[in-house]
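**Q** Next one to model:
(2 chains)
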Amino acid sequence: MKLWSQYFIPTLKESPADAEIASHKLLMRAGLVRKLGGGLYTYMPMGLRVMQKLTQICREEMERAGAIELWMPHMHPADTWREGPRWPVTREIMFRADSAGDGKRAAREPEYVLGPTHEEVITPLVKAEITSYRDLPKNFFQIATKFRNEIRPRFGLMRAREFVMMDSYSFDATDEGARKSYLAMKTAYEAFFRRIGARAIAVEADTGVMGGSFSHEFMVPAEIGDDDVIYNDESGYAANREKATSALVPKDLADAAPVGAVEEFATPGIVTIAALEAAPYSVAADKQFKTLVYIGDGKPFLIVLRGSDELEEAKLGSLGFGLVRPATPEEIEPVMGAKPGSLGTVKGTIKNPGALAGIFADQAIRLIGNGTTGANKDGFHLRNVNVARDLAVTKFGDFRRVRPGEPCPLSGKPLQVRRGIEVGHIFKLGTKYSEKYNAVYTDDQKQTHFMEMGCYGIGIGRTLQAIIEQSHDADGIVWPWNSAPFHVLICVLDPQLPEAMDLAKQLATVAEQAGAEVLVDDRAERPGVKFKDADLIGIPLRLTIGGKGLKEGIVELKARTSKDVAKLPLAEAAAQLGAAIAAAQAKA
RNA sequence: CGGGGUGUAGCUUAGCCUGGUAGAGCGCCUGGUUUGGGACCAGGAGGUCGCAGGUUCGAAUCCUGUCGCCCCGACCA
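**A** Modelled structure (predicted):
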């Protein structure tokens, strides 16, 4: 039991000016966190209590799934990363942790970095410690602080520079085992989110920098989310926009019949899809070929899309390049022979095709018959262009961004879109890291194999905020039972009356014996202030003890989720309170 | 990193355009009256107006630079 007057819950009537979204405002107003700097937050006592609830439930579910907790350093020798497989990418988001020094000791290259994640630490560790199939599988997890120099921290805990994450890493002997480990994590994550009262859905996701074969994100649907989830309720299809695909191109699509030979025509000053759509050219965007130049690991390659489609850059990951970026106009002209706006991939028109690492086309361009594309000659385009006959294509793939309304790949029904907050992510990695670090084991035939890996993460702080985003009303937070900082708030309206405080302490003991955590508001505040604060901090059950009620012989019990107040005769108060707690526990 | 915005007391902010003693509300402290949904009265404390430079007799206000914070965007030709 905690007495409010002796605890520390600095609530605010007004939201700080830098909080924009509901959950961020409530985090501040309910006294859960305070900001130190951009993306850096102090967990105040109430915020810490919620954090501890989440980490404990997370720990229990991970252990239930057979994972083993450990703790790794968060300051890493820079070589750990420099020698790792993704230094060029990860160094951009890592903080260096060198001696601040006097200028003499400050090295040009970092000596130490703060860990954004731990594949580069755990894989060498496991390589050194595990060499036999007898010791596999293993799944190690930790719940600890991560550091990432986010391009733009925002929305409070939603995207922070320093944040708490549960991360785990599985090591299996076989691909089949790795699939099992992956599924065990998916199940554990679902159990975790269910227990803490967050409605999260698993969606197919892009593997991104992590690499690997497949992955799911756990998304909490919310308008303020960073990600678009593409889904169809009927089929159960759900994917991150970066990964989402649609059944836009029929499998048995026949190539359109060419109506004539490729023909060049002058388009002075026309360098955009939209300009070519306008009169006098009047070429519909979905009859145009859009040709983009990218640089993959230093070498240019081309991406061809319909003019009406947009590139989903994340899908370029499937091409296997490490670092990918758009080419600059200076890089484009020597290769293509024209400036951006007049580019194309019709055979024979590219100035220096030998320089290209490949020409990759989105399958949707096969829907174009007799289309128009750039001539690789400034101010000229080509018409009557047909994919099979005229275009040089190394490989077809899925590179376009899906739009709502397109047919679901599973059911053919229209896809829908909604925003979501990514609170967890699981990856099946395969052997990308084990090969890099030579993490091998010996099987019962004395053969050595690379370990099959998976990695998994839950953003604890982000999850905390996502719960608030998902569970609040105009008056404040509505904590789910298992995430709540306290379960029962005993509101003593007249704390100067000894009998009121005595009863409060008595009922607090009852509640604690029923397994609830109790906060007693014993402050010398007016009732209105107490009720407003009670709603703001969102404790699931509120028991009100007032001098007026005591004279009538009653106390009041109210659930945060309900408007109804139950008047309990004093003789029944203990039993009713116990019953309400038991009911809430059973439901949670 | 690019664009936009903003910085005045613990919090919310007015004043800035048009230079001339820095104001309010909330919160805090003291006293009193109140007491079931953010009370009232009286008194009080609290500000290098983000920082640095400049213009000026005089700068919160105008100019330059810089830093912090917030929002939008991410080379899609």
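
**Q** Quick one: neighbours of A:P404, just the number.
**A** 15 (other C-beta atoms under 10 Å). All C-beta atoms are positioned from the backbone trio N, CA, C, and that covers glycine.

**Q** element containing it, please.
**A** A:P404 is part of no helix or strand, with elements assigned from DSSP states H and E.

**Q** can you tell me which residues contact it?
**A** A:230, A:414-417 (C-beta atoms under 8 Å, 6 or more residues apart in numbering).

**Q** May I ask which helix or strand encompasses the closest residue to it other than its chain neighbours?
**A** By the measure of C-beta to C-beta, 6 or more residues apart in numbering, the closest residue to A:P404 outside its immediate chain neighbours is A:V417, 4.4 Å from it. According to DSSP H and E, A:V417 maps onto strand A:416-430.

**Q** buried ones in that strand?
**A** For strand A:416-430, the buried set under the neighbour-count rule, 16 or more other C-beta atoms under 10 Å, comprises A:418-430.

**Q** Out of those residues, flag the one nearest to A:A198.
**A** Closest to A:A198 out of those is A:V423 (7.0 Å), distances taken as C-beta to C-beta.

**Q** and the gap between the residue nearest the centre of chain A and A:E217?
**A** Residue closest to the mean C-alpha point of chain A, counted by C-alpha atoms, centre = their mean, is A:E422 at 2.5 Å. Here A:E422 is placed at a distance of 5 Å from A:E217 (C-beta to C-beta, to the nearest Å).

**Q** overlap in contacts of the two?
**A** Common neighbours of A:E422 and A:E217 (C-beta under 8 Å, 6+ apart) are A:227, A:240.

**Q** ok so, going back, next, the contact list for the residue nearest to A:P404, please.
**A** A:V417 is in contact with A:228-231, A:241, A:404, counting by C-beta under 8 Å, 6+ apart.

**Q** what sits up against stretch A:353-365?
**A** Contacts for stretch A:353-365 (C-beta under 8 Å, 6+ apart): A:248-249, A:289, A:296-297, A:299-306, A:309, A:319, A:321, A:334-335, A:345, A:350, A:371, A:387, A:391-400.

**Q** Which of the helices or strands spans the nearest residue to A:A200 once chain neighbours are set aside?
**A** Leaving aside its chain neighbours, A:A200 sits nearest to A:F193 (4.0 Å; criterion: C-beta to C-beta, 6+ apart). Per DSSP H and E: A:F193 is located in helix A:175-196.

**Q** Likewise for A:C455?
**A** Per DSSP H and E: strand A:452-459 holds A:C455.

**Q** Next, the angle from that strand to strand A:416-430.
**A** 140 degrees (axes from the mean of the first three to the mean of the last three C-alpha atoms, to 10 degrees).

**Q** Give me the angle between strand A:452-459 and helix A:175-196.
**A** 10 degrees.

**Q** Can you give me the buried ones in strand A:452-459?
**A** Residues of strand A:452-459 classed as buried by neighbour count (16+ other C-beta under 10 Å): A:452-459.

**Q** roughly how far out does the next helix or strand along the chain from that strand sit from the chain middle?
**A** Next helix or strand after strand A:452-459 toward the C-terminus (DSSP H and E): helix A:460-470. Computed by C-alpha atoms, centre = their mean, to the nearest Å, the chain-centroid distance of helix A:460-470 equals 12 Å.

**Q** avg pLDDT for helix A:460-470?
**A** Per-residue pLDDT over helix A:460-470 has a mean of 94.

**Q** which among the buried residues of strand A:416-430 gets closest to A:A22?
**A** When those are compared against A:A22 (criterion: C-beta to C-beta), the nearest one is A:I421, at 12.6 Å.

**Q** Name whatever forms a beta bridge with the closest one.
**A** Beta-bridge partners of A:I421, counted by DSSP bridges, are A:V220.

**Q** what about it, distance to RNA strand B?
**A** 13 Å (C-beta to the nearest atom of the strand, to the nearest Å).

**Q** and if you look at A:D79?
**A** 25 Å.

**Q** so how far is the helix or strand where that residue lies off the chain centroid?
**A** Element membership of A:D79, judged by DSSP H and E, is helix A:78-82. How far helix A:78-82 lies from its chain's middle: 26 Å, per C-alpha atoms, centre = their mean.

**Q** Can you mark which positions in it are buried?
**A** Buried residues in helix A:78-82 (16+ other C-beta under 10 Å): A:78, A:80-81.

**Q** repeat for stretch A:276-289
**A** Buried residues in stretch A:276-289, defined by neighbour count with 16+ other C-beta under 10 Å: A:276-277, A:283, A:286-289.

**Q** can you list contacts of it?
**A** A:267, A:270, A:273-275, A:304-309, A:344-345, A:365, A:367-368, A:370-374, A:381, A:383, A:385, A:391.

**Q** on that earlier part again, and which of the buried residues of strand A:452-459 is nearest to RNA strand B?
**A** A:G459 (17.0 Å; C-beta to the nearest atom of the strand).

**Q** Could I get the full set of strands for the stretch 1-150 of chain A?
**A** Shown for the stretch 1-150 of chain A, the strands assigned by DSSP state E, counting those that start in this stretch span residues A:2-3, A:33-37, A:40-43, A:68-69, A:75-77, A:112-114, A:138-147.

**Q** Tabulate the ones you listed (JSON lines), appending distance to RNA strand B and mean pLDDT.
**A** Shown next, in JSON lines, are the strands of the stretch 1-150 of chain A (distance: least, C-beta to the nearest atom of the strand, whole Å; pLDDT from 0 to 100):
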{"stretch": "strand A:2-3", "distance to RNA strand B": "17", "mean pLDDT": "96"}
{"stretch": "strand A:33-37", "distance to RNA strand B": "4", "mean pLDDT": "91"}
{"stretch": "strand A:40-43", "distance to RNA strand B": "8", "mean pLDDT": "92"}
{"stretch": "strand A:68-69", "distance to RNA strand B": "32", "mean pLDDT": "97"}
{"stretch": "strand A:75-77", "distance to RNA strand B": "22", "mean pLDDT": "91"}
{"stretch": "strand A:112-114", "distance to RNA strand B": "17", "mean pLDDT": "89"}
{"stretch": "strand A:138-147", "distance to RNA strand B": "15", "mean pLDDT": "95"}
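
**Q** Report pLDDT for the residue lying closest to A:F399 once chain neighbours are set aside.
**A** Counting by C-beta to C-beta, 6+ apart, A:D362 is the residue found nearest to A:F399 once chain neighbours are left out, at 4.3 Å. With respect to pLDDT, A:D362 scores 91.

**Q** Next one: A:D362 from A:P404, what distance?
**A** Distance from A:D362 to A:P404, by C-beta to C-beta: 18 Å.

**Q** Spell out which parts of the stretch 301-450 of chain A neighbour RNA strand B.
**A** A:307, A:310-311, A:313, A:325-329, A:332, A:340-341, A:343 (C-beta under 7 Å from any atom of the strand).

**Q** out of the residues you listed, which is most surrounded?
**A** A:L343 leads these on contacts (other C-beta under 10 Å) with 27 neighbours.

**Q** So that residue, which state does it fall into?
**A** coil (DSSP: H, G, I helix; E, B strand; the rest coil).

**Q** Please name the residues that touch it.
**A** By C-beta under 8 Å, 6+ apart, the contact set of A:L343 is A:291-293, A:332, A:336, A:373-374, A:376.
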